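**Q** sequence below, structure please.
(4 chains)
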Protein chains: 2
Amino acid sequence: MSVQERKQRERADRERLIVATARELAEQQGWDAVTTRRLAERIQYSQPVLYSHFRGKREIIGAVALEGAAEMASAVRAAASAADGPRTRVTALARTYLEFAERNPAVYDAMFQLDGGLAFAHEDTPEPLKDAFAALLESLGEVAGDGVHPGLFTEVFWAALHGLATLTRAGRLPPEETGRRVELLVDRLAVV
Amino acid sequence: MSVQERKQRERADRERLIVATARELAEQQGWDAVTTRRLAERIQYSQPVLYSHFRGKREIIGAVALEGAAEMASAVRAAASAADGPRTRVTALARTYLEFAERNPAVYDAMFQLDGGLAFAHEDTPEPLKDAFAALLESLGEVAGDGVHPGLFTEVFWAALHGLATLTRAGRLPPEETGRRVELLVDRLAVV
DNA sequence: GATTCGATCCTAGCAGCGCTAGACATTCGA
DNA sequence: TCGAATGTCTAGCGCTGCTAGGATCGAATC
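**A** Here you go, the predicted structure:
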């Protein structure tokens, strides 16, 4: 059995290598540069090997997205727990979210801009995605205000952050004012 | 000279045909289906003809985006002028914006999701794009609140709408609650 | 009216894409 | 030690955006 175990472990290692390499390449040169040929070359295997781990490129993007969701969830929770008071917590959350998007643009794209073949807003939504939303909800639920459903409030707040993140990165919004936009957003949306 | 004029007119007609066909095809089957070959076939010319009008596919997307921006601007202005009172106006604006995105997903993608090679937030931003932002500003500036820069407020409100539009269409947010999200957004952001 | 010349358009092809069939080793179990 | 099963690679399919070079056609000139 030990031989099989070793093989399984090696396979799992290789799968992680694929995802990490895809992410690295995407972060360096954008997702357009992540072709199956280049990816295969970087991991020093032939193209078909990729297809023995993933159904296709889409699934590789999806794997990067799940990894990103987990990281984002923990980043948000860390920022929230370091702040005291609902208001400060929400500001920290917003800043952390936008910073994550800015620092990991390719991962953010994988999560929300590209088709990673992942289900959303359903029961069969992958756990990391649900958990990332939950991480937002934990802090945002506090400031939803009376009579407002915390989930709905979180959706709206999240959408605003997502809009800021994507429009800024696409050059639609000048990045200098990001801080003031966050301030305004928190001021108005959060009920303290 | 009349012959030259006729030729110029025919050329302009053909250019409009290309853009309209691209838009139609994108709206029917998504931008992935808009290949230069299919597009050429639909307009009954060969591929290279496309390149005598546009530098490449990106510029065709850009042309659709500009067309869309003009339409959105007039839709937003129409909705705003039909409503009386700042608060009602903003609600109408928000609904109109989201409705535009929902009814013209391919055009919306061309404007904000895809790379149409257009400049933003610069002086050399194409007029229709600046005007679309101006259309939002006209109504949103009224409810920015004292001491808040109208442009900054418009950016934040717009980002929120953009986030709602994209996340909803990508299946990240259940569409049933859109109305309540808009209500919440206007309630909190707009100062009446 | 014939001829030249320039504009216009098409055929054919390039390199690269995601993905896969089938051949080839290599390793495992009998 | 041999057959089967597993793993991997080479080669290739149909597609993409884009372009070079040749054919064709219409307008201007003699």
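**Q** got the contact list for residue A:53?
**A** Neighbouring residues of residue A:53 by CB atoms under 8 Å, 6 or more residues apart in numbering or on different chains: A:11, A:14, A:15, A:18. C-beta here means a position set from N, CA and C on the backbone, and glycine is covered the same way.
**Q** so how far is residue A:128 from the last one?
**A** Pointing back at residue A:18 there. 18 Å (CB to CB, to the nearest Å).
**Q** neighbour count: these two, which is higher?
**A** It is residue A:18, of residue A:18 and residue A:128, that has more neighbours when counted by other CB atoms under 10 Å in any protein chain shown, with 22 against 19.
**Q** so which bits of chain A are right by DNA strand D?
**A** Residues of chain A found near DNA strand D (CB under 7 Å from any atom of the strand) are A:7, A:11, A:45, A:46, A:47, A:48, A:49, A:52.
**Q** buried subset of the residues you listed, written for PyMOL?
**A** In PyMOL, this line selects whichever of the residues of chain A next to DNA strand D come out buried by 16 or more other CB atoms under 10 Å in any protein chain shown:
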select buried, chain A and resi 45
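**Q** give me the nearest residue to residue A:115, chain neighbours excluded.
**A** Leaving aside its sequence neighbours, residue A:115 sits nearest to residue A:58 (CB to CB, 6 or more residues apart in numbering or on different chains; 6.0 Å).
**Q** distance of the residue of chain A with the smallest separation from DNA strand C relative to chain B?
**A** Going by CB to the nearest atom of the strand, DNA strand C is nearest to residue A:56 of chain A, at 2.8 Å. Going from residue A:56 to chain B by CB to the nearest CB, to the nearest Å gives 14 Å.
**Q** got it, and residue A:139?
**A** Distance check for residue A:139 against chain B: by CB to the nearest CB, it reads 17 Å.
**Q** distance between the helix or strand where residue A:178 lies and the chain's centre?
**A** Secondary structure assignment for residue A:178, by DSSP states H and E: helix A:178-189. Relative to the mean C-alpha coordinate of its chain, helix A:178-189 is positioned 22 Å out (CA atoms, centre = their mean, to the nearest Å).
**Q** OK, contacts around residue A:153?
**A** Residue A:153 neighbours (CB under 8 Å, 6+ apart): A:140, A:141, A:143, A:144, A:145, A:189, B:184.
**Q** the residues you listed in strands, which ones?
**A** Counting by DSSP state E, the contacts of residue A:153 place none of their members in strands.
**Q** and whatever residue of chain A ends up closest to DNA strand D, how far from chain B?
**A** At 3.3 Å from DNA strand D, residue A:46 is the closest residue in chain A, using CB to the nearest atom of the strand. Using CB to the nearest CB, we find residue A:46 at a distance of 27 Å from chain B.
**Q** repeat for residue A:114
**A** To chain B, residue A:114 is 10 Å away according to CB to the nearest CB.
**Q** could you report the neighbour count for the residue lying closest to that residue once chain neighbours are set aside?
**A** Excluding the flanking residues, the one nearest residue A:114 by CB to CB, 6+ apart is residue A:61, at 5.3 Å. A total of 26 residues lie near residue A:61 under the criterion other CB under 10 Å.
**Q** pretty sure residue A:61 is in contact with residue A:110, am I right?
**A** Yes: between residue A:61 and residue A:110 there is a contact at 4.9 Å, judged by CB atoms under 8 Å.
**Q** tell me, what's touching these two both at once?
**A** Shared contacts of residue A:61 and residue A:110, counting by CB under 8 Å, 6+ apart, come down to A:31, A:116.
**Q** quick revisit: now for the residue of chain A closest to DNA strand D: which residues touch it?
**A** residue A:40.
**Q** just residue A:125 next, same as before
**A** Counting by CB under 8 Å, 6+ apart, residue A:125 touches A:118, A:119.
**Q** do residue A:17 as well
**A** residue A:43.
**Q** could you check how far it is from residue A:128?
**A** 20 Å.
**Q** now swap in residue A:152 and tell me
**A** 22 Å.
**Q** what do you get for residue A:48?
**A** Taking CB to CB, one finds residue A:48 at 28 Å from residue A:128.
**Q** and for residue A:68?
**A** 8 Å.
**Q** shaky segments in chain A?
**A** Scanning chain A for pLDDT under 70 picks out A:1-3.
**Q** re earlier: strands - which of the contacts of residue A:53 land there?
**A** Here DSSP E is the test, and these give no hits in strands at all.
**Q** which parts of the longest helix along chain A are buried?
**A** Longest helix in chain A, counting residues (DSSP state H): helix A:2-29. Using 16+ other CB under 10 Å as the test for burial, helix A:2-29 gives A:14, A:15, A:18, A:19, A:21, A:22, A:23, A:25, A:26, A:27.
**Q** please apply the same query to stretch A:33-47.
**A** A:34, A:36, A:39, A:40, A:43, A:45.
**Q** show me how chain A divides into domains.
**A** Annotated domains of chain A cover A:1-53, A:64-189 [automatic domain parsing].
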